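>>> model the following, please.
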Amino acid sequence: MKREFFSLVKDKEMFTDSMDSDFIIVIGVMPSFDEQLLSNLKNRKNIVYLSVIEDREMVNIASLQSRYEAGSEEGVLAILAKELLKDKELDKVAQNFFENLDDGYISAESNVGEEELEEIFEMYKDAKRPLLVLGYDLYNHPRVQNIVNIVNLLVEYGNFKIFNSDQFDNAKQNTQDLKLQDIAELESFDGTVVYTYPTDNLDDKEQLIGSPQFMMAAKVKEGDELFVITQNSEQERKFVLDRELKGTVALLPSAKGDESYYYKIAKIIKREN
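Model (predicted):
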């Protein structure tokens, strides 16, 4: 999905494998799962980190770290782009898109507030080399095409480059006529939610890792043998309590990642011994 995502970006010259930037937005990825990315970010300043789950490795790296609600990436990018591009001369299509944006609804539902957006703008406004670091929470999102449309606005009007360390051919042109769409109503992720990211660690594949808040919501305790049932799969796991993890989303490391959105509503059932 990453290749397909990047093929939709209009300006292929805006890809870079360099972290030589004075302002970086990292969104939709947990750098602690990518050692090379995390290492690169450690030497940079003015980093904004936006994700559903707080990444403990980013606490001392990011200048600003904000958690948004699962599934709201399209809306978050839209209100972020509106704030960052508010002083730019936009074409009529982009102007109409931002004028019709329901900022209040998106901000309330996504949990990204106006003060945070203003703080991000203050960090960005004098940047000469702004950079976007995007992750699979965007590549695999159901609204991926409109997410790319918004990324294209940030590239075209905001002077952002897009970080890409992969060596696949970015010059492939996509012939689809992509047009800005209204932001979809944000999907509800009420209940127990898991993050089904791929891992090569054999031990991780046997675990469901959650915070004290998740443990209470799922009515489980440490060491419980569980069935974790999502729309895509049913897996047997042991619950592992991580007291440093925040929020009500648990980590469900998988043998391999699929092309669906990594955050999933899950039914948690205790296994009878």
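>>> let me see the ranges of the strands in the stretch 151-273 of the chain.
Assignment of strands within the stretch 151-273 of the chain using DSSP state E, counting those that start in this stretch yields the ranges 161-163, 193-195, 207-210, 225-229, 234-241, 249-251, 263-265, 267-270.
>>> so which residues make contact with the fourth one?
Read it as strand 225-229. Applying Cβ atoms under 8 Å, 6 or more residues apart in numbering, the set of residues contacting strand 225-229 from outside is 194, 208, 220, 234-239, 252, 266-271, 273. From N, CA and C alone the C-beta is placed, and that goes for glycine too.
>>> ranges for the helices of the stretch 1-150 of the chain?
Secondary structure of the stretch 1-150 of the chain (DSSP state H, counting those that start in this stretch): helices located at 2-7, 35-41, 73-84, 92-99, 103-110, 114-124, 136-139, 144-158.
>>> distance from the longest one to the middle of the chain?
Its chain's C-alpha centre and that of helix 144-158 lie 15 Å apart, by Cα atoms, centre = their mean, to the nearest Å.
>>> quick check: angle from that helix to helix 92-99?
Taking axes from the mean of the first three to the mean of the last three Cα atoms, to 10 degrees, one finds that helix 144-158 is oriented at 110 degrees with respect to helix 92-99.
>>> which strands and helices sit next to helix 144-158?
The criterion is 3 or more Cβ pairs under 8 Å, 6 or more residues apart in numbering; DSSP states H and E, and the helices and strands that helix 144-158 contacts are helix 2-7, helix 73-84, strand 130-134, helix 136-139, strand 161-163.
>>> can you tell which of these is closest to residue 41?
Across the helices and strands packed on helix 144-158, residue 41 has its closest neighbour in strand 130-134 (7.8 Å, Cβ to Cβ).
>>> could you pull up the mean pLDDT of that closest one?
Mean per-residue pLDDT for strand 130-134: 97.
>>> that one: partners in the sheet, and parallel or antiparallel?
Paired neighbours of strand 130-134 in the sheet (DSSP bridges): strand 23-27 (parallel), strand 161-163 (parallel).
>>> rank the ones you listed by pLDDT, which is bottom?
Of all the strands paired with strand 130-134, the segment with the smallest mean pLDDT is strand 161-163, scoring a mean of 95.
>>> what sits up against that one?
The contact list for strand 161-163, computed with Cβ under 8 Å, 6+ apart, reads 6, 9, 14-19, 21, 129-134, 151, 155.
>>> among the helices and strands packed on helix 144-158, which is the most enclosed?
Highest mean neighbour count of these: helix 73-84, a mean of 25 (counted as mean count of other Cβ atoms under 10 Å).
>>> thinking again about what came up before, output the strands of the stretch 151-273 of the chain in CSV; the columns should cover distance to residue 37.
Supplementary listing: the strands of the stretch 151-273 of the chain in CSV, determined by distance: least, Cβ to Cβ, whole Å:
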stretch, distance to residue 37
strand 161-163, 8
strand 193-195, 17
strand 207-210, 21
strand 225-229, 27
strand 234-241, 24
strand 249-251, 18
strand 263-265, 20
strand 267-270, 31
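>>> packing partners for the helix-or-strand element of the chain with minimal mean pLDDT?
Of all regular secondary-structure elements in the chain, judged by mean pLDDT, DSSP states H and E, the least confident is helix 2-7 with a mean of 79. With contacts defined as 3+ Cβ pairs under 8 Å, 6+ apart, the packing partners of helix 2-7 are helix 136-139, helix 144-158.
>>> so residue 48 is in contact with residue 21, correct?
No: counting by Cβ atoms under 8 Å, residue 48 does not reach residue 21; the two are 11.6 Å apart.
>>> what's the overlap in contacts for these two?
Taking Cβ under 8 Å, 6+ apart as the contact rule, residue 48 and residue 21 have no neighbour in common.
>>> okay, the helices of the stretch 1-150 of the chain in CSV with distance to residue 215 next?
Conversion of those to CSV gives the following (distance: least, Cβ to Cβ, whole Å):
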stretch, distance to residue 215
helix 2-7, 33
helix 35-41, 27
helix 73-84, 26
helix 92-99, 41
helix 103-110, 25
helix 114-124, 28
helix 136-139, 24
helix 144-158, 32
